[in-house]
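Asks: no sequence for this one, just the structure:
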C-alpha cells in the first residue's frame, strides 16, 4: 500500500508505513518503505533515520543518494557534498551515480554555487545521445541550472533535449520550454464556461422561463 499510494497520496502512504513499522520494524524492506514515505512527506530527519536502519540491515549502498538528499532537506548541503565524495559512491550502479550527481548539484545550488552546480552535472551521461531512465531528469536539472545562472539560450536547448527524452512525463520540461518561448496555454474548461456554450445555457433557461410564464 505504501508503494501504491506514494505518488498519488503520500500522506496515506505515510500512515500505512507507520502501521508496517509497528508490525515488522526489523524487516529492512519495511524500514526502507517507511523512509520513502517520510521522504515524500518532507519528514527528512525521520526518513534519514529509516534509510540508515535499512542500510545497516542490508549492507547495501543503493540508498546513499537519497540519504544525501535528506541531508539537503535538513539544511545541511555541506554534508550532502561530503557524501557525494565518499567511497560508497563508487559502489553504486550507473543510475545511483547519476542520482548522486543530481543531489550534489542540488547541494551546490543550495549553497549559491551555480557555476559549480553546472560543472557537477557535466558528465558523459549528460553528453550521451543514448536515452536512459535518468536522461530526462539529468538534462532537466542541467537546463534549470543554466537558466538560474542567466544562460537562457543554452537552457532552452537543454529543456528541448529533456523533452525529447522524457518518455513518461517525469518532468515538466515541456512547460518550461513553452514558458521560455512565450507560449501561453488557456484552460479549456474556463473557455467552455465563458464561451458560446455558456450563453446557450442562459438562453435556454430564459426560453424555459418564458414558457412557464
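Replies: Perfect, thanks for sending it. What you see is a predicted model; the values in this text were computed from it and never measured.
Asks: tell me which residues of the helix or strand harbouring residue 101 are tucked away?
Replies: Per DSSP states H and E, residue 101 falls inside helix 94-110. Going by neighbour count (16 or more other Cβ atoms under 10 Å), the buried part of helix 94-110 is 96-110. Yep, even glycine has a C-beta here, placed from its N, CA and C like the rest.
Asks: Would you mind checking the average pLDDT for the helix or strand following it?
Replies: From helix 94-110 onward toward the C-terminus, using DSSP H and E, the following helix or strand is helix 114-121. Confidence over helix 114-121 (mean pLDDT, whole number) is 98.
Asks: which residues touch helix 114-121?
Replies: For helix 114-121, contacts defined as Cβ atoms under 8 Å, 6 or more residues apart in numbering pick out 101-102, 104-106, 108-109, 138, 141-142, 145-146, 148-149.
Asks: do that again at 10 Å, thanks
Replies: For helix 114-121, the surrounding residues in contact (Cβ atoms under 10 Å, 6 or more residues apart in numbering) are 81, 84, 98, 101-111, 113, 138-139, 141-151, 154, 158.
Asks: Which pLDDT value goes with the nearest residue to residue 131 once chain neighbours are set aside?
Replies: Sequence neighbours aside, residue 165 is the residue nearest to residue 131 in space, at 4.7 Å (criterion: Cβ to Cβ, 6 or more residues apart in numbering). With respect to pLDDT, residue 165 has a value of 95.
Asks: contacting residues for residue 165?
Replies: 129-140, 171, 173.
Asks: gap between it and residue 1?
Replies: Using Cβ to Cβ, to the nearest Å, one gets 32 Å for the distance from residue 165 to residue 1.
Asks: and what of residue 142?
Replies: From residue 142 across to residue 1, the span is 36 Å (Cβ to Cβ).
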